[in-house]
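1. Fold the following.
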Amino acid sequence: MTMALTALVVATGAFLSVPQASAAVGTATGYASQNGGTTGGAGGQTVRATTGTQIHAALCGRASSSTPIIIEVQGTINHGNTSKVSGGSCNTADGVIELKQISNVTLIGVGTGALFDQVGIHVRESSNIIIQNVTVRNVKKSGSPTSNGGDAIGMENNVRNVWVDHVTLEASGGESEGYDGLFDLKNNTQYVTLSYSILRNSGRGGLVGSSESDLSNGYVTYHHNLYQNIDSRAPLMRGGIAHTYNNHFLNINDSGINSRAGARVRVDNNYFEDSKDVLGTFYTSEAGYWHVNGNTFDNVTWSSRGGTTNPAGPNPTSTTSVSIPYSHSLDPANCVPGVVAQTAGANKGNRVSDGSCTPQNPDPGNPGNPDPGNPDPGNPDPGTPGGTNLSLTGDSDGSSKASGTSYGNVRDANMNTYWSPNGTTGSISIKWSSATTVSKINIREASGATGRIGSYRVLNADTGAVLATGSGAGVISFPATSVRKITFEITSASSTPRIAEYETYAS
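-> Alright, predicted model coming up:
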């Protein structure tokens, strides 16, 4: 450890320096693989951080602003533990993860997960950055606390080569609730890929270009992402070139891919579902263009053309041609929802698709866990937990239920009865009259309905904290937590799930 780094450790609290360097899982894809490629901090020192201040200290302790570094993040990063750190190799600030005027950095979640709670990640005047396997939620631009202008991840001012992979970005509303974009690129940001990620519950998914005059951005790839419950900007493109392929767009409420001000977007083998105006030029007379191939439009409605509304549908056809300079494998659109449900988001083991609708681990030698010393909390274990099923002595409730099903069916030790949500998504909870320690749950689907559950979250319903995320049914492990109520939230599914038993265990 350098003397500068040692001094920072003393000033900011110790973090772990890991002797063996490890790179991000997998290799950069899409446009992030161009312009010399994106390798992040590969080959540099590996540092473990559990606070935002420690992340800043790691950046500031390098020999220079371009010295490669891999920062492994575990735990919750919030305003209380994210402070400015000074140094010659960094330019940080309070209340935001500031990747400013730096290069050659990997920021990767490990172990039991990395949650940036109301704290955004800001990339500015930087290059060769990898952000992988983290969750960023509820970043606000108004109200309290605020961070990063309300963007979960934002890039601006001469940014080059950023790969954002297997992240979960989520808000709890739109601009009126204090939120802005989940993934924004501005002012000469180029060669960026967003892959295998979840963007949900936000008024704005993200944009490329802050105004009709900010046309210096582009070369952006979006693939194998889930956009869910987004009002608009999925994404909004002002100028530049983008490639969107194998994404699942679910419940896009107002407009989706908004190509305008001369933007050219190639749209390949995506699945658009239960949504409105998923492609076109909206809210402007400055036209954009699209090149469409192999997409599926499932229950998509389209507005009439007129004024500043120019939807591509109801029968989208290409208005330009976009050539793609990198190699990639396309999954057929009809299997995209299933593949994305099993691969997209943080804590999914960084699984990827092999291009034939089959998820796989990116590195056979390291099956999906960037920290082999700690199990992935979001990866269901086919084994059966030992001990007593605590659900049998508790109660249950949940979101709206389908006709003929009951909340109590998930704790009656009867595989022939079940609960279903009123639709494909919903939540079911187990609760007790006093605090109960839980470290594992077992979700058992009814016979004839296995494999329907896509992505999920396990929540401490007392505090709202996310204990685990992942996909599919089975045993889910997480750090032992004392709760009075624990919720299994289904965020995507191939069809209406049927949960026969929701078992809970202390160990």
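2. Could I get the full set of helices for the stretch 301-450 of the chain?
-> Here the stretch 301-450 of the chain has its helices, by DSSP state H, counting those that start in this stretch, at 336-343.
3. which residues of it score low on pLDDT?
-> Low-confidence segments of the stretch 301-450 of the chain (pLDDT under 70): 363-386.
4. Dig out what the residue minimising distance to the centre of the chain forms beta bridges with.
-> Centroid check for the chain by Cα atoms, centre = their mean gives residue 168 as the closest residue, at 1.9 Å. Applying DSSP bridges to residue 168 gives these bridge partners: residue 135, residue 198.
5. my guess is it contacts residue 198, does it?
-> Yes. Using Cβ atoms under 8 Å, residue 168 is in contact with residue 198, at 4.6 Å. (C-beta placed from N, C-alpha, C; glycine too.)
6. tell me, what's touching those two both at once?
-> 345, 346 (Cβ atoms under 8 Å, 6 or more residues apart in numbering).
7. What's the end-to-end length of stretch 268-283?
-> From the first residue to the last, stretch 268-283 extends over 24 Å; the measure is Cα to Cα, to the nearest Å.
8. now stretch 390-397
-> The first-to-last residue distance of stretch 390-397 comes to 15 Å (Cα to Cα).
9. show me where the stretch 351-500 of the chain has strands.
-> Per DSSP state E, counting those that start in this stretch, the stretch 351-500 of the chain carries strands over the ranges 352-353, 359-360, 395-398, 426-445, 455-460, 465-471, 474-490, 499-505.
10. now the end-to-end length of stretch 218-234.
-> 15 Å.
11. ok, now stretch 411-422?
-> Start-to-end span of stretch 411-422 (Cα to Cα) is 19 Å.
12. Check the offset of that stretch from the chain's centre.
-> Chain-centre distance of stretch 411-422: 30 Å, with Cα atoms, centre = their mean, to the nearest Å.
13. ok, now stretch 426-438?
-> Put simply, stretch 426-438 sits 26 Å off its chain's centre (Cα atoms, centre = their mean).
14. Need the contact partners of it.
-> Under the contact criterion Cβ under 8 Å, 6+ apart, stretch 426-438 has outside partners 390-391, 393-401, 407, 410-411, 419, 421, 459, 461, 480-490, 499, 502, 504-506.
15. Repeat that for stretch 137-154.
-> Contact with stretch 137-154 is made by 79, 95-96, 115-123, 131, 136, 164, 167-172, 177-186, 466, as judged by Cβ under 8 Å, 6+ apart.
16. out of those residues, which are inside strands?
-> Judged by DSSP state E, strands contain the following of those: 115-117, 121-123, 131, 136, 164, 168-172, 183-186, 466.
17. in this protein, which ranges drop under the pLDDT threshold?
-> 1-23, 363-386.
18. what's the domain layout of it?
-> Following automatic domain parsing, one gets these domains for the chain: 3-360, 390-505.
19. if you compare those, which one is most tucked away?
-> Each of the domains of the chain was assessed for mean neighbour count using mean count of other Cβ atoms under 10 Å. The highest is domain 3-360, with a mean of 21.
20. How far off centre is that domain?
-> 8 Å.
21. Equivalent analysis for stretch 459-475, please.
-> Centroid separation for stretch 459-475 versus its chain: 15 Å, with Cα atoms, centre = their mean.
22. Ends of it, what's the gap?
-> Span of stretch 459-475 from end to end, Cα to Cα: 15 Å.
23. phi, psi of the residue nearest to residue 148 when sequence neighbours are not counted?
-> Among residues not flanking residue 148 along the chain, residue 120 sits closest, at 2.8 Å (Cβ to Cβ, 6 or more residues apart in numbering). For residue 120, the backbone dihedrals are phi -90, psi 170 (criterion: degrees, to the nearest 10).
24. Hmm, residue 96 and residue 120 touching each other?
-> Yes. Using Cβ under 8 Å, residue 120 is in contact with residue 96, at 5.6 Å.
25. bridging residues for residue 164?
-> Counting by DSSP bridges, residue 164 is bridged to residue 131, residue 194.
26. and it, what does it touch?
-> So residue 164 contacts 130, 131, 132, 153, 183, 192, 193, 194, 195, 197 (Cβ under 8 Å, 6+ apart).
27. go with 7 Å
-> Under the criterion of Cβ atoms under 7 Å, 6 or more residues apart in numbering, the neighbours of residue 164 are 131, 153, 194, 197.
28. Go through the residues you listed and say which is closest to residue 39.
-> Distances from residue 39 to those, taken as Cβ to Cβ, are shortest for residue 131 (13.4 Å).
29. show me the contacts for the closest one.
-> By Cβ under 7 Å, 6+ apart, residue 131 lies in contact with 107, 121, 153, 164, 167.
30. Apart from its neighbours in sequence, what residue is nearest residue 156?
-> residue 186 (4.1 Å).
31. Quick check: the gap between that neighbour and residue 349.
-> According to Cβ to Cβ, to the nearest Å, residue 186 stands 32 Å off from residue 349.
32. Residue 180 now?
-> 30 Å.
33. before we move on, what about residue 316?
-> Applying Cβ to Cβ, the value for residue 316 to residue 349 is 35 Å.
34. for residue 270, same thing?
-> The gap separating residue 270 from residue 349 is 24 Å, by Cβ to Cβ.
35. Likewise for residue 440?
-> From residue 440 to residue 349 the distance is 18 Å (Cβ to Cβ).
36. shouldn't residue 73 be in contact with residue 49?
-> Yes. Judged on Cβ atoms under 7 Å, residue 73 makes contact with residue 49 at a distance of 5.4 Å.
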